[in-house]
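>>> Everything below, folded, please.
(one chain, ligands or ions: 1)
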Amino acid sequence: MTIDLFPMDTAKFVAAKQATHYVQSGMKVGLGTGSTAAWLVQCLGEMVRDHGLQIKGVPTSNRTAELARAAGIEIITLDQAKWLDLTIDGTDEYDANLNLIKGGGGAHLREKIVATASDRMIVIADASKTVATLGAFPLPVEVLPFGMQITRGLIEELLVGVDVLGRDVIQRMQGDAPYVTDEGNFILDLHLKSIGNPRQLAMMLNQIPGVVENGLFIDICDVVIVGHGTGKVEIRDITNDINDVVQFDLQDDDNLFADLAK
Ligand SMILES: O=C(CO)[C@H](O)[C@H](O)COP(=O)(O)O
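Take a look at the predicted model:
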């Protein structure tokens with residue numbers, strides 16, 4: 001059977017498939033949110049159903065929980081898990097230090113809690129997520145609905161004094177209504193263009209009382225796995241100082257790929 005997926009899908013798929021090599025039976029695994037993480041859930045589901053992999057998954061969103069259940073992965077809460085062996089998640093941007101912007105899918109609050117409660121965080125991405133400087137992707141900040149305009153004003157004031165190139169703060173919408181997160185909060189997207197000091201900004205944003213969590217992941221990610229449309233995968237593991245390249249034979253993986261693409 002010949003399938004004709006966009007190179008971007010292939011890139012996400014091979015990154016996700018490579019990440020499954022880090023997963024072993026008996027592990028408790030944080031399951032990320034987004035289109036790349038969805039490929040991971042599909043791959044892990046296939047390993048559970050057909051190859052006897054035994055894992056417990058902690059999903060980072062209601063969407064991922066649904067996908068994981070449908071794929072046959074046992075789901076537990078983070079408190080049931082107590083601690084996780086690893087979390088595998090997508091990203092919106094990553095820099096040379098493996099610092100991230102996440103939350104394009106609105107799930108960065110749970111994603112950060114889950115990743116922080118894991119021995120390792122592995123990020124899976126396509127090459128478009130690589131940046132020299134974080135900030136081209138709007139930085140999501142989850143805020144409480146209560147007093148949201150006050151919180152927004154305080155964020156705008158904060159941005160005047162920090163090293164960024166843009167300062168627009170735009171509330172995320174879903175159609176005509178505010179976007180609401182799984183925790184019942186709103187999201188403000190900060191259009192900063194370039195963030196000179198992500199560590200400082202992450203700490204300052206979280207000092208504002210109405211801010212629940214920002215999408216900067218600083219010193220949380222250990223490994224980035226970058227897939228390409230050609231089947232090439234780059235692995236960068238900063239904890240173990242490993243830089244590796246793997247080439248997937250997409251023909252060999254055709255059956256799995258076709259199944260997953262259904
Ligand atoms: O942070 C996220 C969700 O909150 C996602 O990981 C991020 O938006 C990347 O998504 P995708 O894999 O669809 O590009």
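
>>> So which bits of stretch 186-204 are buried?
186, 187, 188, 189, 190, 191, 192, 195, 198, 201, 202, 204 (16 or more other C-beta atoms under 10 Å). Placement of C-beta: from N, CA and C, glycine included.

>>> Could you measure from residue 240 over to the ligand?
Distance of residue 240 to the ligand, given as C-beta to the nearest ligand atom, to the nearest Å: 23 Å.

>>> mind checking the SS state of that residue?
Secondary structure assignment for residue 240 (DSSP: H, G, I helix; E, B strand; the rest coil): coil.

>>> neighbours around it, how many?
Residue 240 is flanked by 7 other residues according to other C-beta atoms under 10 Å.

>>> Please apply the same query to residue 53.
19.

>>> Run a quick check on it versus residue 25, I expect a contact.
Yes - using C-beta atoms under 8 Å, residue 53 is in contact with residue 25, at 5.7 Å.

>>> Next, give phi and psi for residue 89.
Backbone torsions for residue 89, taken as degrees, to the nearest 10, come to phi -150, psi 160.

>>> which residues touch it?
Contacts of residue 89 were listed using C-beta atoms under 8 Å, 6 or more residues apart in numbering, and they are 30-34, 37, 60, 102, 111, 114-115, 121-124.

>>> for residue 38, same thing?
Taking C-beta under 8 Å, 6+ apart, one finds 64, 67 in contact with residue 38.

>>> Can you name the helix or strand that it falls in?
Per DSSP states H and E, residue 38 falls inside helix 35-51.

>>> Tell me which helix or strand comes right after that helix.
Next element after helix 35-51 (DSSP H and E): strand 56-59.

>>> list the helices and strands that next one packs on?
On a contact count with 3 or more C-beta pairs under 8 Å, 6 or more residues apart in numbering; DSSP states H and E, strand 56-59 meets strand 28-31, helix 62-71, strand 74-75, helix 78-81.

>>> Apply 10 Å and report the result again.
Secondary-structure packing of strand 56-59 (3 or more C-beta pairs under 10 Å, 6 or more residues apart in numbering; DSSP states H and E): strand 28-31, helix 35-51, helix 62-71, strand 74-75, helix 78-81, strand 84-89, helix 108-116.

>>> Neighbouring strands of the helix or strand that comes right after the last one in the sheet, and parallel or not?
In this case it means helix 108-116. Where DSSP H and E defines the elements, the next helix or strand beyond helix 108-116 is strand 118-126. Paired neighbours of strand 118-126 in the sheet (DSSP bridges): strand 84-89 (parallel), strand 223-227 (parallel).

>>> With that, I have no additional questions.
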